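Q: attaching a predicted model along with its sequence, questions to come.
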Amino acid sequence: MDHFIDRSGLLHAEDVPLTEIAARFGTPCYVYSRATLERHWHAFDRAFRDHPHLICFSVKSNSNLAVLNVLARLGSGFDIVSVGELERVLAAGGDPTTIVFSGVGKRRDEIRRALEVGIRCFNVESEAELTRLDQLAAEVGVIAPVSLRVNPDVDPQTHHYISTGLKENKFGIAIQQAESVYALAAAMPHLKVVGIDCHIGSQLTDLAPFIDALGRVLDLADRLCASGIAIEHLDLGGGLGIRYRDEHPPEPAAYAAALSHALANRPYTVILEPGRAIVGNAGVLLTQVEYLKHGPHKHFAILDAAMNDLLRPALYQAGHEIVRVVADTDADPSRYDLVGPVCETGDFLAKDRTLALETGDLLAIRGAGAYGFTMSSNYNSRPRAAEVMVDGDRAYLVREREPLTALYAGEQLLPLDEAHPT
Ligand code: LLP
C-alpha cells in the first residue's frame, strides 16, 4: 500500500496535490512519500521481529540523502556497493556499524575507507578480493569482518539482466567452492569470518527461489560449523518484488514467515538488503505532456521526462503504471506510445496505453521510487530532475533540479598554443 491517493479526481502524495508540486518545483520531478517509505521499512522490520535481524536498505535503489536519513532515523542499516554510496550514508547520518559492503569490484581506496569507518561486514566476492582485504586491514591496523557472497545457482525467474545467482553470472563464489575459500579466509590473520551472503536477483514475485537458495546456504553453514568455522549471520540479500502493474508479489510478512520456517530456529542473525520493496512504490515521476502527435500508424504523447530520467522501460521493457494527475478531461481517449524527447527509438516510458490526453496534462509514472533517479543520466545534455519529499501536508525539495551550468562544470577547454592559435 502506498500514500499516492486519488482524492476527488486529483492525485495526491499524502496530503499534497501533485498539481501543487508541479507548479512549485516544475517537471519532470521525482516525488517521494515519507509515510510510504516508513511504512514499507516497518513492514520488513516487524515481519522479522521474532528473529534477530538487521534491515540494510539497498542504497543503489535510491540514494537521495533525505531518503537515507529518514531510514537512518528508523534505525535502518545500509547495503552499499561503492565508496560514493558509503559517503552518502555517512552524510545522511547512517551508522557505519550497520553497513554491509557488496560488489564484485571493490577498489583499494573504497575498501580502505570502509575499514577506517568500521563497517559491519564486507561481502567478499572472490579469492583475490579476500587477499586484498586482508592486506589492507593489516595496513589500517584492524580486523576486517567478512562474509563470502556465495552463488547458489538458483534461477530467480526474473528479467535476465537482474538475475544474479545463476552459475553463469559474475556474482559471488560458486557454492561448491565456498568451503575451501572460507578455509582460506579463516586462516588470514586480518580477517574475521562472520557470515554468509547471498543475493539471487531482483523483482522476484515467487518465494520458492529464495527458499531454495536459503536451503543451500544453510547446508553450507552446517558444513562450515562442522569444520570449526562459526557463522554469526546470514545475509540473504534483497530481491523481493513489487507490484508495478499486474504482478502479485508476496508481502514482506509472507516472505519473513517462509524464511523463518526454513531457518528452523537456527541462531543466525538475518541480514536483508531490500531496496525496491521499500522505496519502489514510495515514489512517482511527475511529468507533463509537451506535444501530442497523431500519425497515420501511431499516436505519440511526447513527455518532458525521458529515458535519461527513468531508464527502466528502455532497458528492461519494464511496465510502469501511468496515470493522469487530474482525472477530469474533455479529451477523447487514444492508444498512445508515451515517449521522451531523447534522440533514440528506445526512448519510451510506456507503449500502447489508452489515455485521454491534452498538451500540458500532468501524468504520474508510478513505481518510480527505486532505480529511477539513481539510474538517471545527463544524456542529450538534459539536467537531472528535481526530487521532492512529501511529509503529510508539506513538500520539501530534497534535490534541486540540476542547473544547466552543472552540465559542464569541471570540463576544460584546450589551451591556445602555437600550433592552434585560434
Ligand atoms: N543486494 C544486492 C547485492 C544487490 O545487487 C541488489 C540489487 C539488492 C541488494 C537490492 O535488490 P532489490 O531489493 O532492490 O531487488 N536496476 C534494476 C535492478 C537492479 C538490481 C541490482 N541489485 C531495475 O531497475 O529493476
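A: That came through, no problem.
Q: which stretches of the stretch 151-300 of the chain form strands?
A: 173-174, 191-197, 233-235, 269-272, 283-294, 299-303 (DSSP state E, counting those that start in this stretch).
Q: the fifth one pairs with which strands, and in what direction?
A: For strand 283-294, sheet partners with direction are given as strand 29-33 (antiparallel), strand 299-303 (antiparallel), strand 362-365 (antiparallel), following DSSP bridges.
Q: of the strands of the stretch 151-300 of the chain, which shows the lowest average pLDDT?
A: Out of those, strand 173-174 stands lowest, with a mean of 94 (criterion: mean pLDDT).
Q: quick one: list the elements packing against it.
A: Strand 173-174 sits against strand 144-151, with contacts defined as 3 or more Cβ pairs under 8 Å, 6 or more residues apart in numbering; DSSP states H and E. No exception for glycine: its C-beta is placed from N, CA and C like everyone else's.
Q: send me the strand it packs on as PDB with only the CA atoms.
A: Output of strand 144-151 as PDB, limited to C-alpha atoms (Å, rounded to 0.1, in the frame of the first residue of the first chain):
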ATOM      1  CA  ALA A 144      38.000  -6.900   8.800                       C
ATOM      2  CA  PRO A 145      34.600  -8.700   9.300                       C
ATOM      3  CA  VAL A 146      33.800 -10.800   6.200                       C
ATOM      4  CA  SER A 147      31.100 -12.800   4.600                       C
ATOM      5  CA  LEU A 148      31.600 -14.600   1.300                       C
ATOM      6  CA  ARG A 149      28.900 -13.900  -1.200                       C
ATOM      7  CA  VAL A 150      28.100 -17.400  -2.500                       C
ATOM      8  CA  ASN A 151      26.400 -18.100  -5.800                       C
END
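Q: for the record, mean pLDDT for that strand?
A: Mean predicted confidence for strand 144-151 is 97.
Q: near the ligand, which residues of the stretch 51-200 of the chain?
A: 58, 61, 79, 102, 162, 164, 199 (Cβ under 6 Å from any ligand atom).
Q: may I have the secondary structure class of the third one?
A: What that stands for is D79. What DSSP: H, G, I helix; E, B strand; the rest coil gives for D79 is strand.
Q: who are the contact partners of it?
A: By Cβ atoms under 8 Å, 6 or more residues apart in numbering, the contact list for D79 reads 56-59, 99-100, 102, 238, 273, 275.
Q: rerun at 7 Å
A: Applying Cβ atoms under 7 Å, 6 or more residues apart in numbering, one finds that D79 lies in contact with 56-59, 100, 102, 273.
Q: which of the strands of the stretch 151-300 of the chain is buried the deepest?
A: Stretch with highest mean neighbour count among the strands of the stretch 151-300 of the chain: strand 233-235 (a mean of 25; mean count of other Cβ atoms under 10 Å).
Q: is the ligand within reach of that strand?
A: No - using Cβ under 6 Å from any ligand atom, strand 233-235 stays clear of the ligand, with a minimum separation of 8.5 Å.
Q: so in that sheet, which strands flank that strand, and in what orientation?
A: Counting by DSSP bridges, strand 233-235 is paired with strand 191-197 (parallel), strand 269-272 (parallel).
Q: can you list contacts of that strand?
A: By Cβ under 7 Å, 6+ apart, strand 233-235 touches 100, 123, 147, 194-197, 217, 221, 268-271, 273.
Q: before we move on, the earlier item: looking at the strands of the stretch 151-300 of the chain, which is nearest to R366?
A: strand 283-294 (5.3 Å; Cβ to Cβ).
Q: re the thing from before, between the contacts of D79, which sits nearest L315?
A: S58 (17.9 Å).
Q: and stretch 14-28, what's buried?
A: Residues 14, 16-18, 21-22, 25, 27-28 are the ones in stretch 14-28 that count as buried (16 or more other Cβ atoms under 10 Å).
Q: give me the nearest residue to the residue nearest the centre of the chain, chain neighbours excluded.
A: By Cα atoms, centre = their mean, the chain has its centre lying nearest to S61, at 1.5 Å. Using Cβ to Cβ, 6 or more residues apart in numbering and skipping residues adjacent in sequence, the residue nearest S61 is G275, 2.9 Å away.
Q: repeat that for G118.
A: P96 (5.3 Å).
Q: kindly state the pLDDT recorded for the one you found?
A: pLDDT recorded at P96 is 98.
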